[in-house]
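Engineer: with the input below, show me the fold.
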Amino acid sequence: MEWVVVAVVVLILLWLVLTYNGLVTARNRTQEAWSEIDVELKRRHDLIPNLVQTVQGYIGHERGTLEAVTNARAAAVSAGATGDPAKIGAAENMLSQSLRSLFAVSENYPDLKAITAFTNLQEQLTATEDKIEFSRRFYNGNVRDYNIKLQTLPTSLIAGVLGFKPFGFFQADEGDRAVPQVNFGNVPSAGSAGPPASGSSGPPAPGSSGPPPQS
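Structural biologist: So this is what the prediction gives:
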């Protein structure tokens, strides 16, 4: 009987090791996926001051629109410092809304649209939005797989004891996360918006954070 007990103990230990290693791997992948979002968000935050500076000389009387972008950017940077995907998602949605409004207004200023610096910034922000959306989907997929591991038996019996906690999803309002697509051929109405987008990278923005804390 002793060998049976030994075999059972060995099997349990082996299962614990494999389970722990699997959870660590899944957690690290999720944190790495978040870091990709963080990089892209920082890049977007870094591009916006240059955009505002370029635009204000042409649509300076649209102060409300410019202030909305500046304030939304500050709120997004502040939310990034919390590391909370829910707060970051809400703040980034507001920033996307304000950018859409700015680009919609800019369609009424042909001189502004002819400025290379403006068109380059608009294209970079659109590309960044595309990258953010891709990174968001990748991160949420990793969160789903990791959280499933934590919530299913028998792993759920020991995950908490081993210090593993679930991650939050990075949610976004489907209608609010896009910057309008660069289109210099047609002049849309002031309320029009472009297709969903995502992305960002570059030097860190003040107050930005790394992977979100596990909730």
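Engineer: how many neighbouring residues does residue 83 have?
Structural biologist: 17 (other CB atoms under 10 Å). C-beta: built from backbone N, CA, C; applies to glycine.
Engineer: likewise residue 117?
Structural biologist: Neighbours of residue 117 using other CB under 10 Å come to 13.
Engineer: cool, residue 168 as well?
Structural biologist: 19.
Engineer: what does residue 40 give?
Structural biologist: What residue 40 shows, counting by other CB under 10 Å, is a neighbour count of 25.
Engineer: wait, isn't it in contact with residue 128?
Structural biologist: Yes - at 5.9 Å, residue 40 and residue 128 qualify as touching, with contact defined as CB atoms under 8 Å.
Engineer: just after the lowest-mean-pLDDT helix or strand in the chain, pick out the following helix or strand.
Structural biologist: The helix or strand of the chain with the poorest confidence is helix 110-113; it has a mean of 86 (mean pLDDT, DSSP states H and E). Using DSSP states H and E, the next helix or strand after helix 110-113 towards the C-terminus is helix 116-151.
Engineer: which other helices and strands contact that following helix?
Structural biologist: In terms of contacts (3 or more CB pairs under 8 Å, 6 or more residues apart in numbering; DSSP states H and E), helix 116-151 is packed against helix 2-56, helix 85-106, helix 156-159.
Engineer: let's go with 7 Å and repeat that
Structural biologist: helix 2-56 (3 or more CB pairs under 7 Å, 6 or more residues apart in numbering; DSSP states H and E).
Engineer: name the helices or strands packed onto the helix it packs on?
Structural biologist: helix 63-82, helix 85-106, helix 116-151.
Engineer: any chance of TSV for these, columns mean pLDDT and distance to residue 166?
Structural biologist: As requested, those are exported to TSV (pLDDT from 0 to 100; distance: least, CB to CB, whole Å):
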stretch	mean pLDDT	distance to residue 166
helix 63-82	93	17
helix 85-106	91	11
helix 116-151	93	5
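Engineer: nearest to residue 24, out of those?
Structural biologist: helix 116-151 (10.5 Å; CB to CB).
Engineer: in the closest one, what counts as buried?
Structural biologist: 118, 121-122, 124-136, 138-140, 142-143, 146-147, 149-150 (16 or more other CB atoms under 10 Å).
Engineer: next one: stretch 14-32
Structural biologist: 19-20, 23, 26-27, 29-31.
Engineer: and those residues as JSON lines, adding distance to residue 63 and pLDDT?
Structural biologist: Listed next are those as JSON lines, based on distance: CB to CB, whole Å; pLDDT from 0 to 100:
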{"residue": "19", "distance to residue 63": "58", "pLDDT": "94"}
{"residue": "20", "distance to residue 63": "56", "pLDDT": "94"}
{"residue": "23", "distance to residue 63": "51", "pLDDT": "95"}
{"residue": "26", "distance to residue 63": "48", "pLDDT": "96"}
{"residue": "27", "distance to residue 63": "46", "pLDDT": "96"}
{"residue": "29", "distance to residue 63": "45", "pLDDT": "96"}
{"residue": "30", "distance to residue 63": "42", "pLDDT": "95"}
{"residue": "31", "distance to residue 63": "41", "pLDDT": "95"}
